[in-house]
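**Q** Okay, sequence plus prediction incoming.
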Amino acid sequence: MSVIRHETEIAADAKVPTIEIVREFDAAPARVFRAHVDPELYARWVGPRSVTTRITTWDARTGGEWAFANDRDGEEIASFHGCFHEVRENERIVWTFTYEGEPDGVALETLTLEAIEGGRTRLRVVSVVADFETRDGMLSSGMDIGVNVGYDKLDELLAEEPDSTPKSPAQQHALDAARFTELVESASSGDWGRPSPVAEWTALDVVKHLVDWSRGFLKGAGVQLPALDVEADPVAAWKRHVADIQAILDDPAGRVLSNPHTGDRPVDEAIDQFYTADVWMHRWDLAKALGREPDLGEQRCADALAGMASVEQMLRDSGQFGSAVPVAHDAPAQDRLMAFIGRDPAWRPSA
């Protein structure tokens, strides 16, 4: 798909130490907003092409915190942090921004999204710093190049097919596993003992659950996968597991998975329905355990909730989920889905 890139306007006020950035995007405000608050999407477009962005803290809500680092060739070259002062869905974000190389400096940014003709968006960012010297230093540092490259990457991201596009089992697993892997790779060695929203489970237990039950499940298709020591090296074990599952999906070879609870199904359909969906939902648990705020996709959450609600009693009787948690009827679909399966949408890890 061809990508139309728009000009970025960058202006400095002569009377106050501010920088104003204006850019238009060929996408609705909801998609541009999501690209700023979803850590997985944000990491894909922010910054120059020569670096990768590694999110270390992300809680995109009013009062939340964020932090990320830029790596080049596996080495950290810069890191940044700040707070979300206000997050107003699809309309406005107010946040602080500090480069850790200059810890005494902080910028206050107000980002607004305006819907314009043709289902497009005008993005306006006003950044306020302490003095003109700091502001002018930012402008002379090549900031305009970084901003333009980042927004070019955002154009490319927004031009991709929406997440709601139907995908094959292999494609869906590749997408969901990649997003889960980003979380796994971002965890430090000390993070694996952190509590998760699942009672008595740590962050490590979330990964172990996905690895252990699915490898046993696949025996029903005659697939014998070796056991993996998740505790010894969670990252390596998870990546090995992802590769094993993806190989089966890429070449199902006509195999049928037989299970007394699910019946006989083509192995790729069985993985898609029972395992890949589990990876998608447990991404919420792992992200929460790591202090992040995940976005599973409102439409996908709504669809999943509708499907589960139709067989609620059977699901409750199976013991797979805990008791439903009370939540407002007009709460976001993701919160309602998590509450349905027994999670508290407002859960936060203890200090």
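**A** In hand now; what should we look at?

**Q** only C-alpha atoms for contact and neighbour calcs from this point on.
**A** Noted.

**Q** where along this structure do the strands fall?
**A** Using DSSP state E, the strands found in the chain span residues 9-12, 18-25, 52-58, 65-72, 75-88, 92-99, 107-116, 120-128, 256-259, 263-266.

**Q** how about the ones you listed, which one is nearest residue 36?
**A** Residue 36 sits nearest to strand 92-99 of all the strands of the chain, at 8.8 Å, using C-alpha to C-alpha.

**Q** For the closest one, the averaged confidence score.
**A** Model confidence over strand 92-99, given as mean pLDDT, is 95.

**Q** Same check on stretch 107-117?
**A** For stretch 107-117, the mean per-residue pLDDT is 94.

**Q** tell me which residues in it are buried?
**A** Along stretch 107-117, the positions that meet the burial threshold by neighbour count (16 or more other C-alpha atoms under 10 Å) are 107-115.

**Q** any chance of these in a markdown table, plus distance to residue 84?
**A** What follows is the buried residues of stretch 107-117, written out as a markdown table (distance: C-alpha to C-alpha, whole Å):
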| residue | distance to residue 84 |
| --- | --- |
| 107 | 12 |
| 108 | 10 |
| 109 | 10 |
| 110 | 10 |
| 111 | 11 |
| 112 | 14 |
| 113 | 16 |
| 114 | 20 |
| 115 | 22 |
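
**Q** mind listing what residue 69 touches?
**A** Contact criterion C-alpha atoms under 8 Å, 6 or more residues apart in numbering gives 53-56, 76-80 as the residues in contact with residue 69.

**Q** repeat that for 7 Å
**A** Taking C-alpha atoms under 7 Å, 6 or more residues apart in numbering as the definition of contact, the neighbours of residue 69 are 53-55, 76, 78-80.

**Q** what does residue 324 give?
**A** Under the contact definition (C-alpha under 7 Å, 6+ apart), the residues listed for residue 324 are 339-342.

**Q** where does residue 17 land on pLDDT?
**A** Residue 17 carries a pLDDT value of 94.

**Q** Tell me the most packed of the contacts of residue 324, by neighbour count.
**A** Each of the contacts of residue 324 was scored by neighbours using other C-alpha atoms under 10 Å; the highest score is residue 340's, at 22 neighbours.

**Q** hmm, back to that, just the ones of the contacts of residue 324 in helices?
**A** Using DSSP state H to define helices, the subset of the contacts of residue 324 located there is 339-340.

**Q** low pLDDT regions in the stretch 151-300 of the chain?
**A** In the predicted model of the stretch 151-300 of the chain, residues 161-166 satisfy pLDDT under 70.

**Q** Wait, residue 235 touches residue 184, no?
**A** Yes. With contact defined as C-alpha atoms under 7 Å, residue 235 counts as touching residue 184 (6.1 Å).

**Q** Compare these two (neighbour count), which wins?
**A** When neighbours are counted by other C-alpha under 10 Å, residue 235 and residue 184 differ, and residue 184 comes out ahead with 24 against 21.

**Q** Thank you kindly, that will do.
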